[in-house]
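S.K.: The sequence and its predicted three-dimensional model are supplied below.
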Amino acid sequence: MSEMDLDQLRAELDEFAKPEKKGGRSAREERIIAGFEDIQRFAREHGRVPQHGEDRDIFERLYAVRLDRMRTLEECRTLLAPLDDQGLLSEPIVASTDAISTDELRAALEGAAGSSDITTLRHVRSSVEKAAADEIASRIPAVNFEQFKPLLEQVSEELKSGLRQARRIETRGLDEIQVGTFFVVGGQIAYVAEIGEDFTTGYDRRDRRLRVVYDNGTESNVLQRSFQRALYRDEAARVITRMDAGPLFGDTLSEGDAESGTIYVLRSQSSHPYIAEHRELIHKIGVTGGKVESRIANASQEPTYLLADVTVVATYILANINRTKLEALFHRIFAPAQIDLEIKDRFGNPVRPKEWFLVPLAVIDEAVHAIRDGSITEKIYDPTTARLVAISR
């Protein structure tokens, strides 16, 4: 905890005196009883004991952890048995798989473990509890989520394919928090869509508001420091790398690059009426580790090439990149424009060739450059306008 956080905590607790013994009980015993009374109150209000689970309210999860702890400590069971008119301590203990962070767990166990007087006063929520409550309370259904959903889904796929990486958050300053940055926090992908102006808090600290959109369709208008704390508390939190392809592919190889294949764009010479009508717009995007000429040598005999000769209209040399994953990325970008065409193979069987898209060649070239400079993360393909368009925020 930073020095400023400690100062803030002390300020919040100034008006409270150190707990005195009541009825011969120690301060520790009073804290244990107070914590147990919170659990009893929850059980009366909800008709059940608090339970674990990521879908549960943060305070229910904390009460569940606290109750588990009380059940395992002989000292707690002996002290609380006369007060347990609901039979809470006699319930069987079930091992929890709920992933509560270290700080949250510490807050939950304060009443049972009695770690420090300053953080365990009754009716004074810890800074962790306050931050967690504020964070959850601020989540609302995301406005215009349909504009962010394709981008979040694309990032998820890029993580699965290896085109992006989720790495540990090492820096305390979290310089990574910028517009367009993706994080994994609380098991969800979070996208920093907007950042407000800097301002100074009551404790002379600089802060700013973030608009964070989550892949479950919610968003929050959260303080950057609160978002940072959420990342610190979550041991599984990660920052998702950008799509900075850099010199991974281009027209020529630079010194030291290792050639790994070629992306090629083809145009069909098929006489099929639909192909003939839209020939200048229908393209196949593929990849090969060998020569493109060899790859397409028997195009007229293969259904994947529409059983017709093809013309190579563009190529991009790959270097130091997984060509299969890059090809998959192209296909995901242009998936809304994939054509659904049925033809007959040489045996008369119907086939539906894939990897053919109704996309202008200039847009494919634009996508190549957008992947190279990383800006593809800010764009989606709009088949109604046949353009790559920026994600609206």
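M.R.: All right, it came through fine. Everything numeric here is computed off the predicted structure, so don't read it as measured data.
S.K.: Hmm, A362 and A386 touching each other?
M.R.: No: look at A386 against A362 with CB atoms under 8 Å: they stay out of range, at 9.5 Å. Where you see a C-beta, it was placed from the backbone N, CA and C, and this is true even at glycine.
S.K.: These two: which has the busier surroundings?
M.R.: Neighbour comparison, A386 and A362: the larger count goes to A386, with 14 against 11 (by other CB atoms under 10 Å).
S.K.: and the gap between the more buried one and V363?
M.R.: Distance of A386 to V363, computed by CB to CB, to the nearest Å: 7 Å.
S.K.: Then R31?
M.R.: Distance from R31 to V363, by CB to CB: 65 Å.
S.K.: do V389 as well
M.R.: For V389, the distance to V363 - CB to CB - is 11 Å.
S.K.: In terms of packing, which of the two has more residues around it?
M.R.: Remark: of V389 and V363, V363 carries more neighbours, 20 against 13, as counted by other CB under 10 Å.
S.K.: what's the next secondary structure element after the helix or strand where that one lies?
M.R.: Secondary-structure assignment from DSSP states H and E places V363 in helix 361-373. Counting by DSSP H and E, the next helix or strand C-terminal to helix 361-373 is strand 379-382.
S.K.: Paired strands for that next one, with orientation please.
M.R.: Here strand 379-382 has these sheet partners by DSSP bridges: strand 387-390 (antiparallel).
S.K.: got the buried residues for the partner strand?
M.R.: L388 (16 or more other CB atoms under 10 Å).
S.K.: what sits up against it?
M.R.: 363, 366-367, 370, 378-382 (CB atoms under 8 Å, 6 or more residues apart in numbering).
S.K.: Would you mind giving those as JSON lines with distance to D207 added?
M.R.: As requested, the contacts of strand 387-390 are arranged in JSON lines below (distance: CB to CB, whole Å):
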{"residue": "V363", "distance to D207": "41"}
{"residue": "E366", "distance to D207": "38"}
{"residue": "A367", "distance to D207": "38"}
{"residue": "A370", "distance to D207": "33"}
{"residue": "E378", "distance to D207": "26"}
{"residue": "K379", "distance to D207": "31"}
{"residue": "I380", "distance to D207": "32"}
{"residue": "Y381", "distance to D207": "37"}
{"residue": "D382", "distance to D207": "37"}
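S.K.: Pull out the buried residues from the longest helix along the chain.
M.R.: For the chain, the helix that runs over the most residues, judged by DSSP state H, is helix 27-46. Residues 27-33, 35-36, 38-40, 42-43 are the ones in helix 27-46 that count as buried (16+ other CB under 10 Å).
S.K.: and what of stretch 278-295?
M.R.: Buried-residue list, stretch 278-295, by 16+ other CB under 10 Å: 281-288, 292, 295.
S.K.: what does stretch 292-310 give?
M.R.: 292, 295-296, 299, 302, 305-308, 310.
S.K.: sorry, back to before: between V389 and V363, what contacts are shared?
M.R.: Y381.
S.K.: Poorly predicted segments of the chain, please.
M.R.: Low-confidence segments of the chain, defined by pLDDT under 70: 1-24, 54-55, 91-138, 162-163, 170-176, 202-203, 242-260, 319-322, 392-393.
S.K.: Show the residue spans covered by the helices in it.
M.R.: 3-13, 27-46, 58-72, 74-80, 102-113, 127-137, 145-161, 224-233, 273-277, 292-295, 323-333, 361-373.
S.K.: Now tabulate those helices in a markdown table and tack on distance to D215.
M.R.: Converted to a markdown table, the helices of the chain look like this (distance: least, CB to CB, whole Å):
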| stretch | distance to D215 |
| --- | --- |
| helix 3-13 | 30 |
| helix 27-46 | 29 |
| helix 58-72 | 20 |
| helix 74-80 | 40 |
| helix 102-113 | 22 |
| helix 127-137 | 16 |
| helix 145-161 | 4 |
| helix 224-233 | 16 |
| helix 273-277 | 36 |
| helix 292-295 | 37 |
| helix 323-333 | 16 |
| helix 361-373 | 22 |
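S.K.: Select, out of these, the one closest to I195.
M.R.: Judged by CB to CB, the one of the helices of the chain that comes nearest to I195 is helix 224-233, at 7.7 Å.
S.K.: Distance-wise, check the most centrally placed residue in the chain relative to P336.
M.R.: Nearest to the mean C-alpha position of the chain, by CA atoms, centre = their mean, lies I189 at 1.2 Å. As judged by CB to CB, I189 and P336 stand 21 Å apart.
S.K.: Distance of Q86 relative to F36?
M.R.: Taken as CB to CB, the span from Q86 to F36 is 10 Å.
S.K.: brain fart, E74
M.R.: Relative to F36, and taking CB to CB, E74 is found at 15 Å.
S.K.: Same question for G53.
M.R.: On the measure of CB to CB, G53 and F36 end up 21 Å apart.
S.K.: And for H369?
M.R.: For H369, the distance to F36 - CB to CB - is 63 Å.
S.K.: Also V292?
M.R.: Per CB to CB, V292 is found 73 Å from F36.
S.K.: coming back round to it: put the buried members of the contacts of strand 387-390 into a ChimeraX selection.
M.R.: ChimeraX command restricting the contacts of strand 387-390 to the buried ones, with burial defined by 16+ other CB under 10 Å:
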select :363,366,367,370,378,379,380,381
